[in-house]
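In: Here is my input; please provide its structure:
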Amino acid sequence: MINPSNQKTTYKILFVVFGIAGVVWILYGVFTPRFLLYPFIGLLNLGIAAYCRLMSK
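Out: Residues are numbered from 1 along each chain as shown. Model (predicted):
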């Protein structure tokens, strides 16, 4: 079983990682508009980051 304080820390780290990844994917999709899937991948990453932030509280 995972210690609850360690689990909250893990979710905080995942929030930062997925948040940065989401912003990078969206920016990459804006500057290379030939592939429309990149911004959607970024939005998916931001959604995962929001879930991780919710779980870290």
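In: mind listing what's buried in the one helix or strand Gly29 maps to?
Out: According to DSSP states H and E, Gly29 maps onto helix 4-31. Going by neighbour count (16 or more other C-beta atoms under 10 Å), the buried part of helix 4-31 is 11, 14-15, 18-19, 21-22, 25-26, 29. C-beta: built from backbone N, CA, C; applies to glycine.
In: Mind putting those residues into CSV with pLDDT and distance to Arg53?
Out: Formatted as CSV, the buried residues of helix 4-31 follow (pLDDT from 0 to 100; distance: C-beta to C-beta, whole Å):
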residue, pLDDT, distance to Arg53
Tyr11, 88, 7
Leu14, 90, 9
Phe15, 91, 5
Phe18, 92, 9
Gly19, 93, 8
Ala21, 93, 14
Gly22, 92, 12
Trp25, 91, 18
Ile26, 90, 18
Gly29, 88, 22
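In: helices or strands up against the helix holding Gly29?
Out: helix 37-55 (3 or more C-beta pairs under 8 Å, 6 or more residues apart in numbering; DSSP states H and E).
In: Next, the buried residues of the helix it packs on.
Out: For helix 37-55, by 16+ other C-beta under 10 Å, it's 38-39, 41-42, 45-46, 48-49, 52-53.
In: residue contacts, the residue most central in space within the chain?
Out: What sits nearest the mean C-alpha location of the chain, by C-alpha atoms, centre = their mean, is Phe18, with 2.2 Å. Phe18 makes contact with 45-46, 48-49, 52, according to C-beta atoms under 8 Å, 6 or more residues apart in numbering.
In: how near is the residue nearest to it when sequence neighbours are not counted to Thr32?
Out: Excluding the flanking residues, the one nearest Phe18 by C-beta to C-beta, 6 or more residues apart in numbering is Ala49, at 3.8 Å. Noted for Ala49: a distance of 22 Å to Thr32, by C-beta to C-beta, to the nearest Å.
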